[in-house]
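*Asks:* sequence first, then the predicted structure, then my questions.
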Amino acid sequence: MSKKDLKFNSKTIHGGQQPDKAYGAVMPPIYQTSTYAQTTPGGHQGYEYSRSANPTRTALENALASIENGNFGLAFASGLSAMDAVIKLLNPGDEVVSTNDLYGGSYRIFRQIFEKYGITFHFVGMQNVAAIEEKINEKTKLIWVETPTNPMMNVVDLKAVAGLAKEHSVLLAVDNTFATPYLQQPLNLGADIVMHSATKYLGGHSDVVVGALVVKDKELADKLYFIQNASGAVCGPMDSFLVLRGIKTLHVRMQRHCENGEAIANYLKKHPKIEKVYWPGFEDHPNHDIAKSQMKGFGGMISFIPKGSSFEDAVKIVEKLEVFTLAESLGGVESLAGHPASMTHASIPKEEREKSGVVDSLIRLSVGIEDADDLMADLEQAIG
């Protein structure tokens, strides 16, 4: 049986992997080396310098390609450095259509780094695919999608956007960090590039910072490999090892994240002091039917707004939490709480944030794999 034919749960453990050729190590060794001996100039065993390639990173990149049903994986020093490589495919004068409520760091790199090099970014609500098409013109070269979005949990119809991208000969890149390939596989739905902050669910233990890209097309992969090597924003062998180890338990962790996420979302929705809960699993969530069709489950990311609350009220709630940790990031085994307006999305101007619903009273939860009863009790005491 070919490892390409394995089902997802098996792919997380075996996909793209083989025992180490030197001694048969089941887990790829950490090749903590910067350079490799050559028998003659250019005569090496596939590796010459670890910026260009490292055996531990190769093992991770193979695993990434496998779980996203791609042909080529690339691992970077962070999710933002992976995004940086994608935007470097473009030229001055090119235009990008992007999700309007995306991660604050993504907005920052688009607006404050790449706009000054002559690339124009349009931010639209992508729940309505027509809004994307309105911004496409002969200069458009890339559509950048998050789904579910961060932190409003909006769902974008990837098949429809992929059809639009193909019609206009535009690349489609999807940030799949929130869903993970356990829940959603954008390449199967027509995307050209899948991006991950592997720091989050893929690593899963809040102990590493890594980014990832996965593609099917060799020509596109070659362009990205060139940028990866030339720009040098690669992850080290230890970081590669940690994410590879995390991937091997992704499927069992995601099952619990989804179970706990559903329990917490329903608890919050029934709470008399909560005004609004954003979670794609609710039947009245915008584009719920799309989420149901393109995702295996609805994940462990939830945002909510307490009734009649202000910036200060939201901050008091997150400060009172004891089992949930007040911290940046998401996707670890431990539950985290954040205040997007002052944390993850602080780099977006207030007026722009609030247009997409990221108000000062919004709280975002990354629901971990603890006992759900303990998490609900913690929220209860914090909300009051």
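*Replies:* That came through fine.
*Asks:* use CA for all of it now, contacts and neighbours both
*Replies:* Noted.
*Asks:* quick check: T120 vs L142, distance?
*Replies:* Using Cα to Cα, to the nearest Å, we find T120 at a distance of 11 Å from L142.
*Asks:* now the common contact residues for the two.
*Replies:* Counting by Cα atoms under 8 Å, 6 or more residues apart in numbering, the residues touching both T120 and L142 are 95-96.
*Asks:* of those two, who's got more company?
*Replies:* L142 (23 against 18; other Cα atoms under 10 Å).
*Asks:* correct me, but that one touches V96?
*Replies:* Yes. If you go by Cα atoms under 8 Å, L142 and V96 touch, sitting 4.9 Å apart.
*Asks:* show me how far stretch 286-297 is from its chain's centre.
*Replies:* 17 Å (Cα atoms, centre = their mean, to the nearest Å).
*Asks:* ok, P19 - how many residues close by?
*Replies:* 13.
*Asks:* ok, it touching A59?
*Replies:* No. With contact defined as Cα under 8 Å, P19 does not reach A59; the gap is 10.3 Å.
*Asks:* common neighbours of the two, please.
*Replies:* Both P19 and A59 are contacted by P28, under the criterion Cα under 8 Å, 6+ apart.
*Asks:* how confident was the prediction at S293?
*Replies:* Looking at S293, its pLDDT reads 98.
*Asks:* host element of it?
*Replies:* Per DSSP states H and E: S293 is located in helix 288-294.
*Asks:* any figure for the gap between the residue in the chain sticking out farthest from the centre and S361?
*Replies:* Most distant from the centre of the chain: T40, at 42.0 Å, with distances by Cα atoms, centre = their mean. Here T40 is placed at a distance of 63 Å from S361 (Cα to Cα).
*Asks:* which ones are touching A53?
*Replies:* Contacts of A53 by Cα under 8 Å, 6+ apart are Y47.
*Asks:* which SS class is it?
*Replies:* coil (DSSP: H, G, I helix; E, B strand; the rest coil).
*Asks:* what sits closest to M301 if chain neighbours are left out?
*Replies:* Ranked by Cα to Cα, 6 or more residues apart in numbering and with sequence neighbours excluded, the top spatial neighbour of M301 is S366, at 4.9 Å.
*Asks:* give me every residue that touches that neighbour.
*Replies:* Here S366 is in contact with 300-302, 330-332, 335-337 (Cα under 8 Å, 6+ apart).
*Asks:* among those, which two are most distant?
*Replies:* I302 and G332 (14.3 Å; Cα to Cα).
*Asks:* top helix in the protein by residue count?
*Replies:* The longest helix of the chain (DSSP state H) is helix 250-270.
*Asks:* helices or strands up against that one?
*Replies:* helix 8-14, helix 180-183, strand 274-278, strand 301-306, helix 372-383 (3 or more Cα pairs under 8 Å, 6 or more residues apart in numbering; DSSP states H and E).
*Asks:* could you dump these to TSV with mean pLDDT, distance to V129 and mean neighbour count?
*Replies:* Converted to TSV, these look like this (pLDDT from 0 to 100; distance: least, Cα to Cα, whole Å; neighbours: other Cα atoms under 10 Å):
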stretch	mean pLDDT	distance to V129	mean neighbour count
helix 8-14	96	30	19
helix 180-183	98	22	24
strand 274-278	97	20	19
strand 301-306	98	23	24
helix 372-383	98	36	16
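*Asks:* give the buried residues for the lowest-mean-pLDDT helix or strand in the chain.
*Replies:* When the helices and strands of the chain are scored by mean pLDDT, DSSP states H and E, helix 350-355 comes last with a mean of 87. Neighbour counts over helix 350-355 (16 or more other Cα atoms under 10 Å) mark R353 as buried.
*Asks:* restricting to C-alpha, output it in PDB.
*Replies:* C-alpha atoms of helix 350-355 as PDB (Å, rounded to 0.1, in the frame of the first residue of the first chain):
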ATOM      1  CA  LYS A 350      -9.300  51.100  15.300                       C
ATOM      2  CA  GLU A 351     -11.600  52.300  12.500                       C
ATOM      3  CA  GLU A 352     -10.500  49.500  10.200                       C
ATOM      4  CA  ARG A 353     -10.800  46.900  12.900                       C
ATOM      5  CA  GLU A 354     -14.300  47.900  13.900                       C
ATOM      6  CA  LYS A 355     -15.500  47.800  10.200                       C
END
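*Asks:* any residues touching that helix, and which ones?
*Replies:* Helix 350-355 has contacts (Cα under 8 Å, 6+ apart) with 101, 341, 345, 359.
*Asks:* which ones are touching the third one?
*Replies:* To tie it back to what came earlier, the one meant is H345. Shown in contact with H345 (Cα under 8 Å, 6+ apart): 103-105, 353.
*Asks:* and it, how far is that from A75?
*Replies:* From H345 across to A75, the span is 25 Å (Cα to Cα).
*Asks:* contact partners of the helix or strand where F121 lies?
*Replies:* Using DSSP H and E, F121 sits within strand 120-124. By Cα under 8 Å, 6+ apart, the surrounding residues in contact with strand 120-124 are 93-100, 110-111, 115, 131-132, 135.
*Asks:* quick one: mean pLDDT for that strand?
*Replies:* Strand 120-124 comes out at a mean pLDDT of 97.
*Asks:* so how far is it from its chain's centroid?
*Replies:* The chain centroid and the centroid of strand 120-124 are separated by 20 Å, computed with Cα atoms, centre = their mean.
*Asks:* next secondary structure after that strand?
*Replies:* Scanning onward from strand 120-124 (DSSP H and E), the first element met is helix 129-135.
*Asks:* residue contacts, the residue nearest the centre of the chain?
*Replies:* Nearest residue to the geometric centre of the chain (Cα atoms, centre = their mean): T177, 1.7 Å. Contacts here follow Cα under 8 Å, 6+ apart; on that basis T177 touches 195-198, 200-201.
*Asks:* and K270, by the same measure?
*Replies:* By Cα under 8 Å, 6+ apart, K270 has no neighbours at all.
*Asks:* skipping its backbone neighbours, what lies nearest G299 in space?
*Replies:* That would be C258: by Cα to Cα, 6+ apart, it lies 4.5 Å from G299.
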